[in-house]
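Asks: Everything below, folded, please.
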Amino acid sequence: MRLVAYRSSDVSLLTGYRLPGELLGVRPAGWSDAAEPHRIADPWARRDERLYVVRDVAYVRYTDIDWASGRARLEIGPRERAQPTEGDGAGPEHAEDLLAELVDAAVTHGRCVLNLRRLHGWVTPAAGPPLAPLRAAGFVWEAVVPRGCRYEGNEVEREMWGLVAHG
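Replies: Residues are numbered from 1 along each chain as shown. Sure, this is the predicted structure:
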């Protein structure tokens with residue numbers, strides 16, 4: 001799986017039923033189609049940001065990049081069909097493998113191409129994101145922010161997950 005530069009023809013990847021800013025922004029369980037889909041901001045609006053895509057699969061965004069210290073916040077937004085669902089034919093195991101490949105590609109790109117040593121991101125446990133792909137890539141839980149975001153009309157905690165590349 002390879003990350004490539006974002007082009008305007010990839011705009012459909014930027015909108016989806018996911019929580020804003022999530023490390024692995026999969027559709028939360030029970031998320032209604034009546035809810036407003038999330039759209040990430042104009043990719044050319046900020047200098048401390050890099051946006052890439054895996055064509056027709058997902059976007060990968062590195063934000064709040066600190067080039068001097070080699071760190072950034074990571075957001076991954078898989079397209080709906082790339083996410084685990086019941087009865088999708090390929091099975092949730094296949095979709096989970098795809099998510100693991102996607103997280104691994106984002107980490108590899110961040111380390112090898114952007115020369116970042118630390119990647120971190122937000123996880124909202126109430127939304128039930130798959131954590132196995134994050135753990136497999138080396139992400140670990142770091143901190144909890146009580147009432148860190150709103151989910152289903154309630155203030156819920158958000159967790160910070162991160163990894164530091166040694167060597």
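
Asks: Could you give the average pLDDT over the helix ranked longest in the chain?
Replies: Identified as the longest helix of the chain according to DSSP state H is helix 91-112. Taken as a whole, helix 91-112 carries a mean pLDDT of 86.

Asks: Quick one: residues in contact with that helix.
Replies: With contacts defined as Cβ atoms under 8 Å, 6 or more residues apart in numbering, helix 91-112 is touched by 1-3, 24, 26, 52, 54, 57-58, 60, 62, 72, 74, 76, 78, 82-86, 88, 116-117, 119, 130, 132-134, 136-139, 163, 165. From N, CA and C alone the C-beta is placed, and that goes for glycine too.

Asks: tell me which residues of it are tucked away?
Replies: 95-96, 98-103, 105-107, 109-111 (16 or more other Cβ atoms under 10 Å).

Asks: Centre of the chain to that helix, how far?
Replies: Centroid displacement of helix 91-112 relative to its chain, using Cα atoms, centre = their mean, to the nearest Å, is 10 Å.

Asks: After that helix, which helix or strand is next?
Replies: Counting by DSSP states H and E, the next helix or strand C-terminal to helix 91-112 is strand 118-123.

Asks: what is the rounded mean pLDDT of that next one?
Replies: Rounded mean pLDDT across strand 118-123 is 96.

Asks: One more: stretch 141-153?
Replies: The average pLDDT for stretch 141-153 rounds to 87.

Asks: check contacts around residue 15.
Replies: For residue 15, the contact set (Cβ under 8 Å, 6+ apart) comprises 37-40.

Asks: And the buried ones among these, selectable in PyMOL?
Replies: In PyMOL, this line selects whichever of the contacts of residue 15 come out buried by 16+ other Cβ under 10 Å:
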select buried, resi 38+40
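
Asks: okay, the contacts of residue 15 in TSV with distance to residue 159, pLDDT and secondary structure next?
Replies: Below are the contacts of residue 15 laid out as TSV (distance: Cβ to Cβ, whole Å; pLDDT from 0 to 100; DSSP: H, G, I helix; E, B strand; the rest coil):
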residue	distance to residue 159	pLDDT	secondary structure
37	23	82	coil
38	19	83	strand
39	24	87	strand
40	21	85	coil
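
Asks: Doesn't residue 163 belong to a strand?
Replies: Yes - using DSSP: H, G, I helix; E, B strand; the rest coil, the secondary structure at residue 163 is a strand.

Asks: bridging residues for it?
Replies: Beta bridges link residue 163 to residue 119, judged by DSSP bridges.
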